[in-house]
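Enquirer: Next comes the sequence, and after it the predicted model I'd like to discuss.
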Amino acid sequence: MTGLTSTVVRLKLSLLRNGLRQSGGRRAAYVASAVATLLFAALQLVGLIALREHEHAASLVVLLVAVLGLGWAVMPLFFPGGDETLDPTRLVMLPLRPRPLVRALLLASLVGIGPLFTVLMLVGSVIAVGHGAFAYGVAVVGVVLALLVCVALARAVAAANIRLLTSRKGRDLAVLSGLVIAIGAQVVNFGAQRLGSAGLGQLDPAAEVLAWVPPASAVGAVDAASEGAYGVAVARLVVSAGALALLVALWARTLTRLMTAPDGSTLQAAEPTVRDRRSSAGLRRLLPGGRTGTVMERSLRYVWRDPKTKAAWVTSLAIGLIVPVFNALQGTGSIYFACFAAGMLGIQMYNQFGQDTSAFWMVAMTISSRRDAYVELRARALALLAITLPYATLVTVLTTALLGDWAKLPEALGLSFALLGAMLATGAWTSARFPYSIPQEGYKNVAPGQVGLAWIAIFGGMVAAALLCAPVIALTIWLNVSAGGESWTWLLLPSGTAYGAAITWLGLRLAAPRTAERLPEILTAVSKG
C-alpha cells in the first residue's frame with residue numbers, strides 16, 4: 001500500500017511537471033494563477049482571523065466552508081481536464097485493487113494549489129471561531145476531516161460521472177464553466193449588498209442547519225467546542241467522519257464497477273437518432289422553404305449541438321437576463337438596462353463563418369453570386385432573431401415589471417430592437433471582413449495569431465452599432481426632456497422597430513458583396529483552428 005501510494009503521488013507530481021514543460025506560456029499561466037490564488041487565500045486568511053471576536057463569525061465561516069465543499073463537488077463537472085488522475089479508467093489495465101487505489105488517489109489529491117487554498121481557508125475559519133484548548137484540539141481534527149471530505153467528494157463525483165465527463169456532453173459542461181462563474185459572481189455580489197445593508201445576522205438560521213452538514217460540520221464542531229457544548233462538538237465531528245467514510249465507500253464501489261464492467265456508453269447510441277429525425281422534421285415545418293430554411297436549420301443546430309456555440313449562447317442569454325434583473329432587484333436598475341439583453345445576443349451575429357470552421361468550404365461552394373451571399377447572411381440573421389426577439393422582449397417586460405415603470409416599456413423595447421438591428425448589420429459586415437477561426441478543442445475561442453481580428457470584429461462592431469443607434473437614442477432623449485414629449489414616447493416602439501429592420505437590411509446588403517468576393521480568404525481564416 002505504501003509503495004502504491006508513493007507511486008501515485010509521484011505520478012501526480014510528474015503530470016504537473018510535464019504539463020508545465022509543454023510551453024513557456026503554460027508555465028507563465030500556471031505561475032500567475034498560483035500566485036494570484038495564494039495571494040487571495042492569504043488575504044482571506046487575514047480577513048478570517050480579523051473576524052475572531054465578531055458576533056456572527058461562526059455563521060460566516062460555516063457558510064464559507066459549505067460553499068467551499070460545494071465548489072469541490074462541482075469542480076470535476078466543469079473542469080474535467082484540470083487533473084489527469086480524476087479519470088480512474090486510465091488505470092483499468094493495471095492489476096490494482098480498489099481500496100488501496102482509493103487511499104493512494106486520496107493522498108495524491110492533496111497535491112496541488114486547490115488543496116493548499118482549501119487548507120488556508122479552513123485554518124482561517126477555525127482560528128476565527130476557536131477559543132480554548134479543547135477547541136484547538138477539535139480544530140486540528142476538524143481541518144483534516146474537512147479537507148479529506150472535500151477531496152473525497154470531488155473524487156466520488158468525478159468517478160460517478162466519468163463516462164459523462166469524457167463524452168461530448170462533458171465537454172459541453174466544461175465550456176459552460178464560464179457561465180457558472182459569471183452567474184456565481186452576480187449572486188455573490190447581490191448577496192454581499194444585501195448583507196451589507198441588513199447585517200450578518202441574516203446568516204444565522206442557515207448556518208445553524210449547515211453546521212451539521214459536512215464539511216461545514218467540522219468547523220461547526222470547533223464553534224460548539226468554543227461555547228462549551230462538547231457533546232455537540234463530538235457529534236459534529238462524528239458526522240464529518242461518517243460522511244468521509246460514506247464517500248470513500250461510494251468511491252470504492254464506483255471504482256470497482258468502472259474497473260470490471262464493460263463500457264456501455266455506446267450501447268444505446270442509435271436510439272436518439274429516431275428522436276432527432278422527428279425533431280428535425282418538426283423544425284423544418286416551422287421554417288421557410290428553400291435556402292433560407294436550410295441555413296436557419298443549420299444555424300439553430302449549431303446552437304444546440306456545437307459546444308462552443310452553445311456555451312456562447314447560454315452565456316449571453318444568462319448574462320443578458322442577470323444584469324438588468326439583478327440591478328432591478330437591488331433597486332439600482334433602470335429600464336434601459338434591458339437593452340443589455342439585445343446587446344449580448346446581438347454579439348452572436350459576429351464571426352458567423354467562424355463557427356463553420358473548415359467546413360465553410362461546403363457553404364462557399366453554394367455561393368455563386370451576391371444574391372446567394374445575401375440569402376445566406378439573411379437566413380443566419382433570421383435564425384438569430386428567432387431566439388433573440390422573444391427573449392429581448394421577455395427581459396424588457398420582466399425588468400419593467402420589477403421596476404414598475406410601465407410607461408417606459410415602449411421606448412425600452414424600441415431601443416432594444418434598434419440596437420439589435422444595428423448589431424445584426426455590423427455583425428454581418430464584420431463576419432465578412434474580419435473572420436477568425438474558433439478552435440474546436442480546448443477552452444480558447446480564438447485561434448493563435450487571430451486575437452487582433454477578434455478584438456477588431458467584436459469591439460469595433462459594438463462601437464459602430466452604438467453609433468448607428470444614435471438617431472434613436474437622440475430621439476429618446478429629446479422626447480424625455482422636451483415639454484409634453486413624454487406623451488409621445490410610445491412612438492419609439494414602432495420607430496425603433498422600423499429603424500432596426502431598415503438598418504439590418506442595409507447591413508446585409510452591404511455585407512453580401514464583400515462576402516461573395518472574399519470566400520477564399522474567409523475559408524482560409526476560419527480553417528486555422
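Expert: Right, received. Where do you want to start?

Enquirer: what packs against the longest helix anywhere in the chain?
Expert: For the chain, the helix that runs over the most residues, judged by DSSP state H, is helix 370-403. Counting contacts by 3 or more Cβ pairs under 8 Å, 6 or more residues apart in numbering; DSSP states H and E, helix 370-403 packs against helix 290-305, helix 307-329, helix 339-346, helix 409-433, helix 492-517. Bear in mind the C-beta positions are built from the backbone N, C-alpha and C, glycine included.

Enquirer: tell me the contacts of Ala373?
Expert: Each residue near Ala373 by Cβ atoms under 8 Å, 6 or more residues apart in numbering is listed here: Ile367, Ala511, Ala512, Pro513, Thr515, Ala516.

Enquirer: just those residues now: which is nearest Pro205?
Expert: Taking Cβ to Cβ as the measure, Pro205 lies nearest Ala511 of the contacts of Ala373, at 57.0 Å.

Enquirer: Let me know how buried that closest one is, in neighbour terms.
Expert: Taking other Cβ atoms under 10 Å as the criterion, the count of residues near Ala511 is 25.

Enquirer: is it true that it touches Ala432?
Expert: Yes - Ala511 is within contact range of Ala432, at 5.0 Å (criterion: Cβ atoms under 8 Å).

Enquirer: could I get the contacts of Ala373 as a markdown table with pLDDT and distance to Gly452?
Expert: Formatted as a markdown table, the contacts of Ala373 follow (pLDDT from 0 to 100; distance: Cβ to Cβ, whole Å):
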| residue | pLDDT | distance to Gly452 |
| --- | --- | --- |
| Ile367 | 90 | 27 |
| Ala511 | 93 | 21 |
| Ala512 | 93 | 25 |
| Pro513 | 93 | 25 |
| Thr515 | 92 | 21 |
| Ala516 | 92 | 25 |
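
Enquirer: ok, those vs Glu486, which is closest?
Expert: Nearest member of the contacts of Ala373 to Glu486, counting by Cβ to Cβ, is Ala511, at 37.6 Å.

Enquirer: returning to that earlier point: now for the contacts of Ala373, which pair is the farthest apart?
Expert: When those are compared pair by pair using Cβ to Cβ, the two farthest from each other are Ile367 and Ala511, 12.5 Å apart.

Enquirer: just to revisit the earlier point, export the helices and strands packed on helix 370-403 to TSV and tack on distance to Pro115?
Expert: Written out in TSV, the entries for the helices and strands packed on helix 370-403 read as follows (distance: least, Cβ to Cβ, whole Å):
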stretch	distance to Pro115
helix 290-305	37
helix 307-329	28
helix 339-346	36
helix 409-433	44
helix 492-517	52
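
Enquirer: Would you tell me which of these gets closest to Asn161?
Expert: With Cβ to Cβ as the measure, helix 307-329 is the member of the helices and strands packed on helix 370-403 nearest Asn161 (16.8 Å).

Enquirer: Just list what the closest one packs against, helices and strands only.
Expert: Under the contact definition 3+ Cβ pairs under 8 Å, 6+ apart, helix 307-329 sits against helix 168-175, helix 177-198, helix 290-305, helix 339-346, helix 370-403.

Enquirer: Now it: average pLDDT?
Expert: Averaging pLDDT along helix 307-329 gives 81.

Enquirer: and the angle from it to helix 409-433?
Expert: Helix 307-329 runs at 150 degrees relative to helix 409-433, counting by axes from the mean of the first three to the mean of the last three Cα atoms, to 10 degrees.

Enquirer: Just the angle for helix 307-329 relative to helix 290-305, thanks.
Expert: Note on geometry: by the same axes, to 10 degrees, helix 307-329 and helix 290-305 are set 80 degrees apart in direction.

Enquirer: just to revisit the earlier point, would you mind checking the contacts of Ala373 for buried ones?
Expert: In the contacts of Ala373, burial by neighbour count holds for Ile367, Ala511, Ala512, Thr515, Ala516, counting by 16 or more other Cβ atoms under 10 Å.

Enquirer: low pLDDT regions in the stretch 351-500 of the chain?
Expert: 441-444, 448-449, 483 (pLDDT under 70).

Enquirer: 90 instead?
Expert: Applying pLDDT under 90 to the stretch 351-500 of the chain picks out residues 351-364, 366, 368, 400-409, 411, 432-466, 469-470, 473-492.

Enquirer: Spell out, range by range, the helices that occur in the stretch 1-150 of the chain.
Expert: With helices called from DSSP state H, counting those that start in this stretch, the stretch 1-150 of the chain shows them at 2-20, 24-50, 57-78, 98-108, 113-129, 133-160.

Enquirer: Could you dump these into JSON lines with distance to Thr489 and mean neighbour count added?
Expert: Written out in JSON lines, the entries for the helices of the stretch 1-150 of the chain read as follows (distance: least, Cβ to Cβ, whole Å; neighbours: other Cβ atoms under 10 Å):
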{"stretch": "helix 2-20", "distance to Thr489": "58", "mean neighbour count": "14"}
{"stretch": "helix 24-50", "distance to Thr489": "47", "mean neighbour count": "13"}
{"stretch": "helix 57-78", "distance to Thr489": "44", "mean neighbour count": "21"}
{"stretch": "helix 98-108", "distance to Thr489": "64", "mean neighbour count": "20"}
{"stretch": "helix 113-129", "distance to Thr489": "52", "mean neighbour count": "21"}
{"stretch": "helix 133-160", "distance to Thr489": "52", "mean neighbour count": "22"}
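
Enquirer: My guess is Arg99 contacts Trp251. True?
Expert: No - in this structure Arg99 lies outside contact range of Trp251 using Cβ under 8 Å: 10.0 Å.

Enquirer: Could you list the low-confidence segments of the stretch 51-200 of the chain?
Expert: In the prediction, the stretch 51-200 of the chain carries residues with pLDDT under 90 at positions 51-61, 63-64, 67, 69-115, 130-133, 153-200.

Enquirer: same check, this time on the stretch 201-350 of the chain
Expert: Of all residues in the stretch 201-350 of the chain, those with pLDDT under 90 make up the ranges 201-211, 227-229, 250-350.
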